[in-house]
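Colleague: Quick one: sequence plus predicted model below, questions after.
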Amino acid sequence: MLSRVVNSLYWMSRYIERAENTARIVDTTLQLLLDSRHLNDAQLAAHWMPIIQATGDETLFGQLFPKATGHSVTDFLVFHPANTNSIFTSVTQARENARMVRDQITVEIWEELNRLYLFLNSPRAREVWDDSPFDFLQQVKASSLQLVGIAFATVVHNEGWHFMQAGKFIERADQTTRILDVRHASLPQKGIPPTVSQADALEWSAVLRSCSAWDAYKDIHGGDVSPVKVAEFLLLSDNFPRSARFCVEELDHSLRNISGVQARRFSNDAEKLSGRLLAELEFGTIEEVFAVGLHDYLDLLQIKLGNIGAAMFNTYIFQPFVNMEEEILVQQEFQQQQSQS
Amino acid sequence: MLKSYDPNGFFDEMASAPGHLRPHYEKFARLFNELTPAEFDEKRRAVDLAFLRQGITFNVYGDKQGTERIFPFDLIPRIIPAKEWEHLERGLVQRITALNLFLHDIYHDQKIVKDGVIPPYYILSGKHFRREFAHFKVPKDIYIHICGTDLIRGGDGTWMVLEDNGRTPSGVSYVLENRRAMKRSFPGMFEAIGVRPVDQYPQELLKTLQHIAPSGVVDPTVVLLTPGAHNSAYFEHTYLARQMGIEIVEGRDLLVRESRVFMRTTKGLQPVHVIYRRIDDDFIDPTVFRRDSMLGVPGLIHSYRSGNVSLANSIGTGIADDKVMYYFVPKMIKYYLDQDPILPNVPTYLASDESEKNYIVENIEKLVVKAANESGGYGMLMGPKSTKAECDEFRQAVLKDPRNYIAQPMISLSTHPTHTGDGKFAGRHIDLRPFILYGEKTVIVPGGLTRVALREGSLVVNSSQGGGSKDTWVLYGDE
C-alpha cells in the first residue's frame, strides 16, 4: 500500500481512539464531582489539573485560560480547537485523515465518522453538552466504539487494517497510562503506597471507570480498591482489552502481520522495540513498577510507546518524502548527464 | 404536481406548451404525478442527507466557512429520447476525432496551418500551446482521452456545442452518484420507462487508460494523480479511483528514478505505467513547467518523453480548449474528415478579426464576451445582464488584448422543470456535459451531467456560482 495512505489510516484510527479516551476521562471526572459537594475553586482545580497534566497540555491551557475551573477545563478538553488533544480536534483530525483516503476505507466507516464530525460542528453539539454532558460524552464514546465495530465487520483485514489496528492499540496503551497517571500526586514517589482513605478509593475507582474497567476489576478483586491493584490491573492484565500489556500484545501482533515476521523474531526497529516492551510487561510485576515509582514508570512507558511509533514511521512511512528543491536538482542533473552521453 | 407547469415561452425540455408534454416525458410525468407533495419532499430530504453523509461534496475556493458543500441535486430527471441521443453521439464522436487529429497535426506537420485554414498566429500565441512537445509521439497518437463537452439548446431547441473541455474535465462522479440516488428514490421507474444505464463508465475509463500503456508492459499499473484533498474535485478523484480499483496518488507519493516513475509503498518503490492525471500541465512537473508547483513530480515529463510512462490526457491539449480554437472546430471537421459538423458551434466572433472586433465593441451590451482561457464561469461578461461599468471594463479589455477574447450572442438555454421549494416547480435553464472516452474505440456513456442554474432567470450553471445538477435519462426508445 502507499506509505501516505497507511500513514493516514494509522492516524485516523489513533485520533478516533484519542477522542474516545478524552471523553472517558471527562465523563468520569464529572461523575466523581457529583459525589463530592461543596467544592471550592481550589479543590476543583485539584481535580481537573492533573487531567490536563496527563495529556501534557498544561502550558497551552495556562495560555488560554486564567484559571482551572470545571467550565474552562471541560471546554479545553471537549471543544477547544487550539487544543490538539481535545475531542473536537481529535475527531476533526480523524476525519481529515479519513478524507485523504476516502477510497481506502469503507463507506460505512466514512459515513459514521463524518456523522460524528458534522454533529460536533453543529450548534446542536453545544446544546446537547449544556443540557447533559453525560449524553454528549456518551455519544462520542458510542460513536467511537461503533467505528471499531464497523471497521471490524466491513474492512478487509489486509495491510491497511493492521496499520489501523496498530494505531488504535498504541494510542489506547498510551491513553491508559495517562489515565492511570492522573492520581499519581497522592502516591509516594517510590515504593508501595500505604492504605488509602475512603475518598482516595473513590478516586481510584474513577480511574477504573475511565477505562471501562470497573466491572472487570470487581470480578477479580471485589470492592477492594487500592492503587496497587488498580495499577496492576490496568498495566499488566493479560486479558483486559484496555490494559497496557494487552494493547502492546495486539500492537506487536499487528506489526508482525504487516511484515510477516513470526513472534520472537524481528526484522525492523518497530518489531524489536514492541517485542521488548511486550516481554517487559509479560514478565514484570507490580512491585517492580512501584519500586521505580508509578509516575516515573508510566513516563518511561510512554516514551517507549513513542519510540515504537517513531520506528514504525521510519520503517514503513518514511520512504523519505523528498525535499522538492533537492529533487528538482537531482532530476536536472540526471537529465543533463543523459543528454551529454 | 407537474400538471400546472408553464414553460413561459422558453424552449422547454418537458413541455412544448402549457399542459402539452413532449412524448418522451409522458411516462415519467404519469408516474411522478402519483406522488403526493409530502412524499416528494421526503424523498428530496433523504437524498440531500445521503449526499451530505456520504461526503458527496465539492470544495469552494476562497470560502473560509467550511470549504465543502453538497452540489445541489434536483430530483426531476432530464430525459433524452433515443433518436436525439444517437444524433448527439454521432456529433460528439465526429468532434473528438477531429480534435485529436488537429492536436496531432499542430504538434507535428502543422498542415492545417500550412493550408491556410487556421492562421499560425492563433496557434503560436495560444497560452496552452506546448511547443516543447512538437514532434513528440504520444502513445497511440491519442491526445484527448477523456473529454467533457458542454452542449446547450437554443431558443428553437437546436443542440449546439458551447465548449470542449479537453484537459481534466470533471463531473462524471455526479453522473454516477445522481443515478444511484434516483434509483433509491424511484426504484420502480427505471424499468417502466426504459432508461439506459451509466454505471459501466469506470470500467470503460480503465480500459481507455490501459490502452495507452507503454509498449511491452503486459499488466500495467494505472494510477490516478490528484492535486490532493483540497482540490474542488477531490471527491470525484477518490470515487473514480475506487470504482476502477486503482491507487489514487498525490505528487509526493511518486518518485522518478532512472527516467521511470515509482510510487512509494510500505514495501518499497513500485513501478507505475499509466497516470490518469487530474493536475493541469502547469503543475505536473516543476523541472519543466511551473517551478513553484508543490503538487507535481520532478522528472515526470522526462519519463513521459522517454516512453516509460503514459499520461491521460496528454500534455498540450489545452490549446484545443482555447476559445479561439473553438471557433475553428467546424473548419477542422471539414478539413480533417471532409464532413459537415453534425453539432454546430454557437455563433462566435473573434475579437482579433478587425471587423468582428468592431462589432463586439459596438454591441457589447447584447453579447456574451469570454476570455479565451478561463473556465468555470470566470472571466466572462454577460452583456444584457451587466451594468454599464462592467461592459466598459470588458470593452477596454477586448481592445487591449483582442487575441484573448471572443464573443457570442446571448443564447437563452433551454429550460427544465425544477423544484423551487414547497412542492412548486418552475423552469430553470440547463446544459449537458456528456463524457467521451477515446481509446481503442470511442465510448460515450448515455447521458452525462445535466447542470441547472437554480436561480430564477440565471444562465450560469457552474457549481461555484449557484448551479445544481440533475440525473440525465437516455431512453431505449423515443417515448
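Modeller: Received, thanks.

Colleague: so is residue 47 in a helix, a strand, or just coil?
Modeller: No chain specified, so I'll use chain A. Classification of residue A:47 using DSSP: H, G, I helix; E, B strand; the rest coil returns helix.

Colleague: Isn't it up against residue A:32?
Modeller: Yes: if you go by Cβ atoms under 8 Å, residue A:47 and residue A:32 touch, sitting 7.3 Å apart. Backbone N, C-alpha and C define where each C-beta goes, glycine included.

Colleague: The two: which is more packed in?
Modeller: residue A:47 (20 against 17; other Cβ atoms under 10 Å in any protein chain shown).

Colleague: lowest-pLDDT helix or strand in chain B?
Modeller: Least confident helix or strand, chain B: strand B:57-59 with a mean of 66, by mean pLDDT, DSSP states H and E.

Colleague: Other residues contacting stretch A:113-130?
Modeller: Applying Cβ atoms under 8 Å, 6 or more residues apart in numbering or on different chains, the set of residues contacting stretch A:113-130 from outside is A:12, A:16, A:78-79, A:87-88, A:91-92, A:94-95, A:98, A:135-136, A:139-140, A:143, A:147, B:52-55, B:66.

Colleague: ChimeraX command to pick out the buried ones of the residues you listed?
Modeller: Buried subset of the contacts of stretch A:113-130, written as a ChimeraX selection, criterion 16 or more other Cβ atoms under 10 Å in any protein chain shown:
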select /A:12,16,78,79,87,88,91,92,94,95,98,136,139,140,143,147 /B:52,53,54,55
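
Colleague: immediately after the helix or strand in which residue B:394 is found, which helix or strand?
Modeller: Using DSSP states H and E, residue B:394 sits within helix B:388-400. Beyond helix B:388-400 on the C-terminal side, the first helix or strand identified by DSSP H and E is strand B:405-409.

Colleague: What strands line up against that following strand, and which way round?
Modeller: In the sheet, strand B:405-409 lines up against strand B:349-350 (antiparallel), strand B:367-371 (antiparallel) (DSSP bridges).

Colleague: can you put those strands in TSV and add distance to residue A:201?
Modeller: Below are the strands paired with strand B:405-409 laid out as TSV (distance: least, Cβ to Cβ, whole Å):
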stretch	distance to residue A:201
strand B:349-350	88
strand B:367-371	76
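
Colleague: list the contacts for residue B:324?
Modeller: B:122, B:126, B:350, B:352, B:372, B:403, B:406.

Colleague: let me redo that: residue B:282
Modeller: Residue B:282 neighbours (Cβ under 8 Å, 6+ apart): B:289, B:290, B:293.

Colleague: If any of those residues are buried, put those into a PyMOL selection.
Modeller: Here is the PyMOL command that selects the buried residues among the contacts of residue B:282 (16+ other Cβ under 10 Å):
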select buried, chain B and resi 289+293
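
Colleague: for the chain, what's the longest helix?
Modeller: Going with chain A. Assignment by DSSP state H gives helix A:3-35 as the longest helix of chain A.

Colleague: To clarify, I was referring to chain B.
Modeller: Criterion DSSP H: the longest helix present in chain B is helix B:82-106.

Colleague: Quick check: which helices or strands does that helix pack against?
Modeller: Where contact means 3 or more Cβ pairs under 8 Å, 6 or more residues apart in numbering or on different chains; DSSP states H and E, helix B:82-106 is packed against helix B:111-114, strand B:159-163, helix B:318-321, helix B:323-332, strand B:435-438, strand B:442-444.

Colleague: Quick check: of the contacts of residue B:282, which lies closest to residue A:167?
Modeller: residue B:293 (31.5 Å; Cβ to Cβ).

Colleague: Tell me the confidence at the residue nearest to the closest one when sequence neighbours are not counted?
Modeller: Take residue B:293 and drop its neighbours on the chain: the residue closest to it by Cβ to Cβ, 6 or more residues apart in numbering or on different chains is residue B:283, 4.1 Å away. What the model reports for residue B:283 is a pLDDT of 90.
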